[in-house]
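Asker: I would like the atomic coordinates for the input below:
(2 chains)
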Amino acid sequence: MKSLAELAAIRDKMKAQVNIREENTENAIRVVVGMATCGIAAGARPVLNAFVEETAKRNLDNVMVTQTGCIGVCRLEPIVEITLPGEEKVTYVKMTPEKVAKVVADHIVNKKVVTEYTIGAAE
Amino acid sequence: MTELSLNILDICQNSIKAECSEVRIIINEDIKNDILYMDIIDDGYGMDKEFLKKVEDPFTTTRTTRKVGMGIPLLKMECEMADGCFKIDSEKNVGTEIHCSFQYSNIDRPPLGDICDTILCLIRLNPQIDFFYSHIYDGEKFDFSTKEVREILGDVPLDTDEVLQFIKNYLDENIKNLYGGKTK
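Answerer: Alright, predicted model coming up:
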């Protein structure tokens, strides 16, 4: 059984790394997931977790995954907005955990927008 | 919603919007009496009497993007479909409490679902808020509090990947343990 005491070991290990992480926030890539009732009902929770897991797997510590409320096009939820530093926001619609892997690989790593998943392609 | 854990995630968004500093989520699976209780209590800025009266109406919302809300009426409907009750109470600048119940064995009661995922999601997205989670299954109890975690962590932020990974495993194991080692 895991006990909270194990956290002390994690704390000691992390203390050395905290500073490195803070320097990165200025050039962060922002991933924003719509988490209103419409988003959650359409499956935003697994999408959000997929982003977190996929970016952790690739050690992309300059990616900030955050939430927002209702974006306004509820029928296209789950909606994810990605902003690379200095670039315009790209809106992905009807996201699934399966689509997340491709978006992370193509857009976040290789800076190539996955056009077929964007709102422009859906509308 | 396909599972109650998603309703919890949804209702908590209201608490977060109400600038709460702590959310308490209490689940009691009372097998003997065939009732599932679910309470969500926050210390946010609450609602005035006027808004509270109409909050169970689907056409009430604080969002500006369209005219319907949904979160609260959806949960209320799910309670009532499963022979349960729904009660919401709020006091301005004190907080809001939601108490719901379901007939445990009712065919229309949604499953609890991945509650661990919901709590993790909440912590990850709102590391500044404290979450208290209490889960009772047939008399057995498990409590989890981010306050306690924070005390141990000291300066290390709650939303560090390693810490979240630990919390995930910790919750998973303890909830599984509640059910006697089986996944549910």
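
Asker: From what I see, residue A:77 and residue A:92 are in contact.
Answerer: No - the pair residue A:77 / residue A:92 is not scored as a contact, 11.0 Å apart, by CB atoms under 8 Å. All C-beta atoms are positioned from the backbone trio N, CA, C, and that covers glycine.

Asker: Chain neighbours aside, what residue packs nearest to residue B:14?
Answerer: Distances taken as CB to CB, 6 or more residues apart in numbering or on different chains place residue B:71 nearest to residue B:14, at 6.6 Å, with adjacent residues excluded.

Asker: Any idea how far apart the tips of stretch B:103-123 sit?
Answerer: Using CA to CA, to the nearest Å, one end of stretch B:103-123 lies 29 Å from the other.

Asker: That stretch: how far from the chain's middle?
Answerer: 9 Å (CA atoms, centre = their mean, to the nearest Å).

Asker: got the buried residues for it?
Answerer: B:103-104, B:109-110, B:112-123 (16 or more other CB atoms under 10 Å in any protein chain shown).

Asker: Next: stretch A:66-84.
Answerer: For stretch A:66-84, by 16+ other CB under 10 Å, it's A:67, A:69-71, A:73-74, A:76-82, A:84.

Asker: Return the subset of the residues you listed lying in strands.
Answerer: A:67, A:80, A:81, A:82 (DSSP state E).

Asker: near chain B, which of those residues show up?
Answerer: Among those, the residues within reach of chain B (CB under 8 Å from any CB of the partner chain) are residue A:67.

Asker: Going by distance to chain B, which of the ones in strands among the buried residues of stretch A:66-84 wins?
Answerer: Chain B lies nearest to residue A:67 out of these, by CB to the nearest CB, at 4.8 Å.

Asker: Could you pull up phi and psi at the closest residue to that closest one other than its chain neighbours?
Answerer: Residue nearest to residue A:67 in three dimensions, not counting chain neighbours: residue A:35, with 4.1 Å by CB to CB, 6+ apart. Dihedral angles of residue A:35 (phi, psi; degrees, to the nearest 10) stand at phi -120, psi 40.

Asker: ok, residue A:35 - contacts?
Answerer: For residue A:35, the contact set (CB atoms under 8 Å, 6 or more residues apart in numbering or on different chains) comprises A:44, A:48, A:67, A:68, A:69, B:9, B:13, B:125.

Asker: Now the fourth one. Nearest residue, chain neighbours left out?
Answerer: Think residue A:68. residue A:32 (5.1 Å).

Asker: What pLDDT is listed against that neighbour?
Answerer: What the model reports as pLDDT for residue A:32 is 95.

Asker: partners of residue B:41 in the sheet?
Answerer: On the basis of DSSP bridges, residue B:41 is bridged to residue B:24, residue B:97.

Asker: and the residue nearest to residue B:80 when sequence neighbours are not counted, how many neighbours?
Answerer: Take residue B:80 and drop its neighbours on the chain: the residue closest to it by CB to CB, 6+ apart is residue B:86, 6.8 Å away. Each residue near residue B:86 was counted by other CB atoms under 10 Å in any protein chain shown, and the total is 19.

Asker: what about residue B:86, distance to residue B:37?
Answerer: 12 Å (CB to CB, to the nearest Å).

Asker: Find the residues that touch each one of the two.
Answerer: In contact with both residue B:86 and residue B:37: B:99, B:100, using CB under 8 Å, 6+ apart.

Asker: picking that back up, identify those among the contacts of residue A:35 that sit within helices.
Answerer: A:44, A:48, B:9, B:13, B:125 (DSSP state H).

Asker: Thought residue A:74 was touching the first one, still the case?
Answerer: No - with contacts defined as CB under 8 Å, residue A:44 does not count as touching residue A:74, sitting 11.4 Å away.
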